[in-house]
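*Asks:* please find the sequence and the predicted model below.
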Amino acid sequence: MKLSVIIICKNEESRLGATLESAAFADEIIVLDSGSSDGTVELARQFTDKVFVAADWPGFGVQKNRALAYASGEWVLSIDADERVGAELRMEILAAIAAPQAEVYEMPILTSYCGRWIRHSGWWPDYKPRLFRRGTIRFTEDRVHERLSFQGAPGRLTAPLYHESFRTLDEVLDKVNRYSSAGAEQALMRGKRGGLGKAVAHGIWAFLRTYLLRAGFLDGREGFMLAVSNGEGVYYRYVKLMYLSEKGRDGK
């Protein structure tokens, strides 16, 4: 069974090498870059001859479907540029596609936040479908928080996919800003409206849910910081949506 790994990226020179090394067991690696200004493309070409560059950025869902269109394997593994396939997961993936019991497989994602692997806070075990048989399965076209669209229940792998999400607070703040903007735009297209009251209420709830209901306090100081950044992200998404709604209503 031929396996294709697909990766979308931008300015990931510092992390992409480890990701590509971990994916070297695949039959082909597809890298779709969206206009990096660092050495990401040159680095990717050291590992695969299937490196492509997109002229625009339509959002995560569309971009992943573009990468998927380049794949030729019967099976596809979708990973991000800051994720790594460990030895145990590699063995599980190869066993699954050698004797498939499902069309789609999900796996737990173990994510780090400012140097700490998060074991609570709603981040673990964070099962996501990432391995699938190529054909009718595609990604939704959401700008952020895209997902695979398929019928039926997925199979489940047990070894984690390692996700080095946030190394520094600067990266946290950058992602909060980018994702809240994209989330607000996506919500506006779906007819939703923001408001300051909604922003405060939903932001506080996101913090409490992460820190108390999902036991983020067990993740130490990083658990508290994560809960705060989750709350901030939700707060800013609703505030940005409020301004986008007003701009559309006023025609400015």
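*Replies:* In hand now; what should we look at?

*Asks:* tell me if I'm right that residue 203 and residue 238 touch.
*Replies:* Yes - using Cβ atoms under 8 Å, residue 203 is in contact with residue 238, at 7.4 Å. C-beta here means a position set from N, CA and C on the backbone, and glycine is covered the same way.

*Asks:* more neighbours: the two, which one.
*Replies:* Set residue 203 next to residue 238 and count neighbours by other Cβ atoms under 10 Å: residue 238 wins out with 24 against 21.

*Asks:* for that one, which non-adjacent residue is spatially closest?
*Replies:* Of all residues not flanking residue 238 in the chain, residue 199 sits nearest, at 3.6 Å (Cβ to Cβ, 6 or more residues apart in numbering).

*Asks:* double-check that the one you found belongs to a strand.
*Replies:* No - judged by DSSP: H, G, I helix; E, B strand; the rest coil, residue 199 forms no part of a strand; its state is helix.

*Asks:* next, count neighbours for it.
*Replies:* Other residues lying near residue 199 total 19 when counted by other Cβ under 10 Å.

*Asks:* does it touch residue 243 like I think?
*Replies:* No - using Cβ under 8 Å as the test, residue 199 is too far from residue 243 to be in contact (10.7 Å).

*Asks:* so where do the helices sit in the stretch 51-200 of the chain?
*Replies:* Counting by DSSP state H, counting those that start in this stretch, residue ranges of the helices within the stretch 51-200 of the chain are 60-70, 87-98, 169-189, 196-208.

*Asks:* give me the beta-bridge partners of the closest residue to residue 96 other than its chain neighbours?
*Replies:* Spatial nearest neighbour of residue 96, excluding adjacent residues (Cβ to Cβ, 6+ apart): residue 105 at 5.5 Å. Beta bridges link residue 105 to residue 131, residue 155 when assigned by DSSP bridges.

*Asks:* residues in contact with residue 105?
*Replies:* If you count contacts by Cβ atoms under 8 Å, 6 or more residues apart in numbering, residue 105 has them with 93, 96, 129-132, 154-157.

*Asks:* how close does the residue nearest to residue 238 get to residue 77?
*Replies:* For residue 199, the distance to residue 77 (Cβ to Cβ, to the nearest Å) stands at 37 Å.

*Asks:* and what of residue 174?
*Replies:* 27 Å.
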